[in-house]
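Here you go, sequence then predicted model.
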Protein chains: 2
Amino acid sequence: MATASQKLLERQRQTQSRLCIGLDPDEHLVPDPLRREREPWKRLLQEVVPATAPYACAYKLNLTFYLAFGATGWRLLEETLSLLPRDIPVILDGKWGDVPHTATVAARITFEQLGVDAVTVNPLLGMDSVTPFLAYSGKLIFVLARTSNVGAKDFLCRPCPTGYLLYEHIVTTALGWSGQAEIGFVVGATAPNDFARVRQLAPQSWLLVPGVGIQGGNAVALVQLNGYAPLIVNVGRAILYASNGTDFAEAAARAAASFARIVRLEPEG
Amino acid sequence: MATASQKLLERQRQTQSRLCIGLDPDEHLVPDPLRREREPWKRLLQEVVPATAPYACAYKLNLTFYLAFGATGWRLLEETLSLLPRDIPVILDGKWGDVPHTATVAARITFEQLGVDAVTVNPLLGMDSVTPFLAYSGKLIFVLARTSNVGAKDFLCRPCPTGYLLYEHIVTTALGWSGQAEIGFVVGATAPNDFARVRQLAPQSWLLVPGVGIQGGNAVALVQLNGYAPLIVNVGRAILYASNGTDFAEAAARAAASFARIVRLEPEG
């Protein structure tokens, strides 16, 4: 069976796109024409997923947003998974970070129950909080390194005595963790210098980059900095909520096509 | 309306107990006599909660364990909340840690949808990842400081250039964050020296201490180190799974009574 990394490479080759589409179903942001539907979010995803799939190398599902729907949220999560074409890798944005006893349960949910290809994890609690995820062969574990928010400066960008900033120390440390799965990193697009630094420290690792689109990160600069190393650029709200009108699916497809061009696998010209 | 802190103080005064009972419903660990029930976990909690309540100053619900039940997990979480006596504060062990956009949703789930009194958060992403929780007046936000696992040594116990270890830096920084809620800290019982250090840095803050019981932390030493500052000691598996036989509820009550005596508010003698 293909690994998550192989699936991603194959999908990127086929679509020439390094665009990951983020699904953050915000109950307050469903397009107006769907508000009277019995299951507005299911309907939205049923239209947006097929419309955007040709431009997607992956989909990223934000667990917290699904949980906001309460008991029906888990069902919506499973329905979303069943809508996604099987050859498109799926990342669960769980940002799990807990002691081994609980991390083992989180890894089981992620890879056995939901059966996704990749996951995001918070490394603060150290190696043994990530080890249970690394036990799953062929999966891809994205360790948070340098996030796209302002608060990244509080701890992640603080120096360590080695001369490294904490995010640099996280990257070099996590590269030494071993398991059956592969390690990648989450690096926000809002700090291009830090992105370049992570790329330098982890030249061959998958980098998952949020912060393009609404958050204002510059995808063009980022793609140039990255070169041909393994890269996934996530865009969420700017695609899923591209229009509040009846054209929401077409608008999502247009937005996806536009971002996919910017983060093309082989830049034009 | 009483704040979470006031509710905790009042409950501790009434029961003389600083014991928090951790509810981690592990689907693999339900007592044998309940295995043939249609809803074994609901039945377990229906018996264990009333049996242990007299010894509890709080209950801590581990979100990940509930999620392992899939779509029915959320319902079990809500059922558990409805079983808990209203005068006993409830901590959601969510270990949320995300960018502000998502943290806002997590805070809404925690305090508006589930309506609990307190929550655990992972501070790695900095102040703006915690601010949405701090906006809820009267709530108690437990910031992870020094966790009970071995991996805490990887990052949390690494020095910063200020001479502080990262967990010390987290404590002093988070004490400066302001909002409508109160900040406390999670400090594992497995590292008594680090517990003492957190108590020194945050003399008046609530400390939530896991790692007693199965994880081997010494509650007696901890209570002595702490003195009379606000303290909650969590015990999970050693109470919830105290017996695998038909006496599971009585055994849970006996275990809870025993731990409650060890972490009494005013030590005997």
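Received, thanks. Numbering: from 1, shown residues only, chains lettered A, B, ... in the order given.

helix, strand or coil for A:P33?
Put simply, A:P33 is helix when judged by DSSP: H, G, I helix; E, B strand; the rest coil.

Now do it against A:R237, distance only.
Counting by C-beta to C-beta, to the nearest Å, the gap from A:P33 to A:R237 is 18 Å. C-beta coordinates here come from the backbone N, C-alpha and C atoms, glycine included.

ditto for A:Y167
25 Å.

between the two, who's got more neighbours?
Neighbour tally, A:Y167 and A:R237, criterion other C-beta atoms under 10 Å in any protein chain shown: the higher count belongs to A:Y167, 26 against 16.

On the C-terminal side of the helix or strand harbouring that one, identify the next helix or strand.
Assessed by DSSP states H and E, A:Y167 sits inside helix A:166-174. Counting by DSSP H and E, the element after helix A:166-174 in chain order, helix or strand, is strand A:182-187.

Report the angle between the next helix or strand after that following strand and helix A:166-174.
Once the chain leaves strand A:182-187, the next helix or strand it forms, by DSSP H and E, is helix A:192-201. Helix A:192-201 and helix A:166-174 are oriented at 20 degrees to each other (axes from the mean of the first three to the mean of the last three C-alpha atoms, to 10 degrees).

On the pLDDT front, check the closest residue to chain B within the stretch 151-269 of chain A for me.
Chain B sits closest to A:G151 of the stretch 151-269 of chain A, with a gap of 2.4 Å, by C-beta to the nearest C-beta. At A:G151, the pLDDT value in this model is 96.

What sits closest to it if chain neighbours are left out?
B:G126 (2.4 Å; C-beta to C-beta, 6 or more residues apart in numbering or on different chains).

pretty sure the one you found contacts A:A152?
Yes: between B:G126 and A:A152 a contact is recorded at 5.9 Å, counting by C-beta atoms under 8 Å.

which residues of the stretch 1-150 of chain A fall in helices?
With helices called from DSSP state H, counting those that start in this stretch, the stretch 1-150 of chain A shows them at A:4-15, A:40-52, A:63-67, A:71-83, A:100-108, A:131-134.

Of these, which is nearest B:Q113?
With C-beta to C-beta as the criterion, B:Q113 lies closest to helix A:63-67 of those, at 8.9 Å.

is any part of the closest one close to chain B?
Yes: applying C-beta under 8 Å from any C-beta of the partner chain, one finds helix A:63-67 touching chain B at A:T64, A:F65, A:L67.

is chain B contacted by stretch A:82-102?
Yes: interface with chain B: stretch A:82-102 contributes A:K95, A:W96, A:G97, A:D98, A:V99, A:P100, A:H101, A:T102 (C-beta under 8 Å from any C-beta).

first to last residue in that stretch, what's the distance?
End-to-end distance for stretch A:82-102: 27 Å, by C-alpha to C-alpha, to the nearest Å.

Buried residues of that stretch, list them for me.
Within stretch A:82-102, the residues that count as buried by 16 or more other C-beta atoms under 10 Å in any protein chain shown are A:83-84, A:88-102.

taking the residues you listed one by one, which sit in strands?
A:V90, A:I91, A:L92, A:D93, A:G94, A:K95, A:W96 (DSSP state E).

Which of those sits closest to chain B?
So of those, ranked by how close each gets to chain B (C-beta to the nearest C-beta), first place is A:K95, at 5.4 Å.

Next one: that closest one from B:R43, what distance?
To B:R43, A:K95 is 33 Å away according to C-beta to C-beta.

Spatially nearest residue to A:A196, not counting backbone neighbours?
Spatial nearest neighbour of A:A196, excluding adjacent residues (C-beta to C-beta, 6+ apart): A:L225 at 4.9 Å.

does that neighbour belong to a helix or a strand, and which?
helix A:219-226.

mind listing what the very next helix or strand once past that helix pairs with, with the direction of each?
Later in the chain than helix A:219-226, the nearest helix or strand by DSSP H and E is strand A:231-235. Strand pairing for strand A:231-235, using DSSP bridges, gives strand A:19-23 (parallel), strand A:207-209 (parallel).

contacts for strand A:231-235?
The contact list for strand A:231-235 (C-beta atoms under 8 Å, 6 or more residues apart in numbering or on different chains) reads A:8, A:18-22, A:57-58, A:60, A:91, A:189, A:206-210, A:212-213, A:219, A:222-223, A:255-256, A:259, A:263.
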